[in-house]
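Trainee: Compute the structure for the input listed below.
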Amino acid sequence: MIRPVSILLLALLLSACGGEGSTETDAAKNGRTVLISTQAAETRNLPIWLETVGQVHSLSTPTLAAEVEGRITIVTADTGDMIEIGQLLAETDTSTLLLQQQAAKASLERLEVHIANGKRRVERLEKLSSKNLSSQTQLDDATEQLQAYQADFKAAQAQLAMVEDSLTKSRIIAPVSGIVQRRFITAGDFVRRGQALFEITRPDKLQAWLPYPETEALRVRIGQPVKIYSPLTPGTVIRGEITELQPTVGNGSRAVMAIVDLENHGDLRPGATLSGKVLVENRVQAVMVPNISVVRRPAGHLVYVINDEKATARLVETGHSEGGFIEIVDGLNGGETIATDGAAFLTDGALVKVAERVN
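Mentor: Modelled structure (predicted):
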């Protein structure tokens, strides 16, 4: 047995469902007038830009390493400093090298004396040997001794040259003009040969690295125009083009890194974050309507075309959005008068009153 209360609840539910499903037909039948604004669907060339957030990199980033080991006694440059080619950046302790230099010079002086004496002895024995007053063996021994001194002299010269080269390399000199990106040492540190000391960047040779995901990678190509924006240069647009494409790190990844050489880069610095967008397409005579004019219904996206104060629903396919407008790929030809404000309250065949028309 069905209770009266249950019958009443069922009737209410059926009534509610029926009212929701017939909203559009009722709006057309009851003769209500909806207040709207209208605008013409416009056609214009539509540049398609792909935006991303990237970073500034230096095209040249030399790292200075220690060429001799020793304790750092002087550091004259710090992170962020502008440096010039040939500028002293740091210096290692040279006390041991100076002692080695003195020893090498003393060895040369000693060998010079031995060589001079050896030459005189050889000359004397040559004269005596010519008069049969000396044996050939004595002359040969003297000649060999002189040659040994001369060989030792060359070795001592090379030793002195190496010591003086180490003295020169104990002074860390800037090989290029630029900015100290990183400093790895401080006064008092003991460094070994090959240890990194400074990282230098070239502010005159910068690149923008713009990452793009796999879904957009095939649209990005070398030579495409690029616009660069940076908080370091507010209000300034840096223009360039993609000069190189590199795959990003990852097995099987098809994402790419678009690289742009920055010639007129203003106040950009390596490591800075920037925004960039690449022109991947320029669509001719694209139909554009305000975002507010496109209404989503169960059937899809609709635009209401207004003729003689009556709304006609038009199913459309949307495309690229930009600046508060959206592209209509299919469903409009351009020039149609469409509803903007109030479009969400319209139904097919609804009567309308235009409050404002935007040309």
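
Trainee: All the helices of the stretch 151-300 of the chain, residue numbers only.
Mentor: 214-217 (DSSP state H, counting those that start in this stretch).

Trainee: Tell me where it has strands.
Mentor: 171-173, 178-183, 190-191, 196-201, 206-212, 225-229, 238-247, 256-262, 273-290, 295-297, 300-307 (DSSP state E, counting those that start in this stretch).

Trainee: May I have the strands that pair with the second one, each with its orientation?
Mentor: Spelled out, that is strand 178-183. If you go by DSSP bridges, strand 178-183 pairs up with strand 82-83 (antiparallel), strand 196-201 (antiparallel).

Trainee: circling back to that earlier point, with distance to residue 113 added, can I get the strands of the stretch 151-300 of the chain in CSV?
Mentor: Yep, even glycine has a C-beta here, placed from its N, CA and C like the rest. Formatted as CSV, the strands of the stretch 151-300 of the chain follow (distance: least, Cβ to Cβ, whole Å):
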stretch, distance to residue 113
strand 171-173, 33
strand 178-183, 49
strand 190-191, 39
strand 196-201, 42
strand 206-212, 60
strand 225-229, 70
strand 238-247, 64
strand 256-262, 63
strand 273-290, 69
strand 295-297, 103
strand 300-307, 102
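
Trainee: Residue 161: neighbour count?
Mentor: 11 (other Cβ atoms under 10 Å).

Trainee: and the strand or helix carrying residue 124, what other elements does it pack with?
Mentor: Residue 124 belongs to helix 95-130 when assigned by DSSP states H and E. Applying 3 or more Cβ pairs under 8 Å, 6 or more residues apart in numbering; DSSP states H and E, we find helix 95-130 packed against helix 136-169.

Trainee: just the angle between the helix it packs on and helix 95-130, please?
Mentor: Counting by axes from the mean of the first three to the mean of the last three Cα atoms, to 10 degrees, helix 136-169 lies at 160 degrees to helix 95-130.

Trainee: helices or strands next to helix 136-169 in the packing?
Mentor: Using 3+ Cβ pairs under 8 Å, 6+ apart, helix 136-169 sits against helix 95-130.

Trainee: So which bits of the helix it packs on are buried?
Mentor: 97, 100-101, 104, 107, 111, 114-115, 118, 121-122, 125, 129 (16 or more other Cβ atoms under 10 Å).

Trainee: what mean pLDDT does it have?
Mentor: Per-residue pLDDT over helix 95-130 has a mean of 91.

Trainee: got it, and stretch 287-302?
Mentor: On average, stretch 287-302 scores 94.

Trainee: The strands paired with strand 178-183 into TSV, with extra columns for mean neighbour count and distance to residue 211?
Mentor: Shown next, in TSV, are the strands paired with strand 178-183 (neighbours: other Cβ atoms under 10 Å; distance: least, Cβ to Cβ, whole Å):
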stretch	mean neighbour count	distance to residue 211
strand 82-83	15	30
strand 196-201	21	20
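
Trainee: Residue 217 is nearest to which of the ones you listed?
Mentor: Proximity to residue 217 (Cβ to Cβ) singles out strand 196-201 among these, at 28.3 Å.

Trainee: How about residue 200, nearest residue that isn't a chain neighbour?
Mentor: residue 178 (4.6 Å; Cβ to Cβ, 6 or more residues apart in numbering).

Trainee: picking that back up, out of the strands of the stretch 151-300 of the chain, the one nearest residue 149 is which?
Mentor: Comparing the strands of the stretch 151-300 of the chain by Cβ to Cβ, strand 171-173 comes nearest, at 34.3 Å.

Trainee: Give me the sheet partners of that closest one and which way each runs.
Mentor: strand 88-92 (antiparallel).

Trainee: Give the buried residues for the strand it pairs with.
Mentor: By 16+ other Cβ under 10 Å, the buried positions in strand 88-92 come out as 89, 90, 91, 92.

Trainee: can you give me how far it is from the chain middle?
Mentor: Distance, stretch centre to chain centre, for strand 88-92: 31 Å (Cα atoms, centre = their mean, to the nearest Å).

Trainee: Make 39 the first number, not 1, from now on.
Mentor: Done: numbering now begins at 39, and the last item shifts to strand 126-130.

Trainee: For that strand, which outside residues touch it?
Mentor: For strand 126-130, contacts defined as Cβ atoms under 8 Å, 6 or more residues apart in numbering pick out 102, 104, 106-115, 121, 208-212, 218, 223, 229, 235-236.

Trainee: Produce a ChimeraX select command limited to the buried residues of those residues.
Mentor: Buried residues among the contacts of strand 126-130 (16+ other Cβ under 10 Å), as a ChimeraX selection:
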select :102,104,106,107,108,110,113,115,121,208,210,212,218,223,229,235,236
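
Trainee: of the buried residues of strand 126-130, closest to residue 280?
Mentor: Among these, and counting by Cβ to Cβ, the member closest to residue 280 is residue 127, at 35.6 Å.

Trainee: what pLDDT does the residue most central in space within the chain get?
Mentor: Ranked by distance to the mean C-alpha position of the chain (Cα atoms, centre = their mean), the top residue is residue 247 at 2.7 Å. Looking at residue 247, its pLDDT is 93.

Trainee: One more: residue 55?
Mentor: Residue 55 is assigned a pLDDT of 38 by the prediction.

Trainee: How about residue 258?
Mentor: At residue 258, pLDDT is 93.

Trainee: With residue 82 instead?
Mentor: 92.
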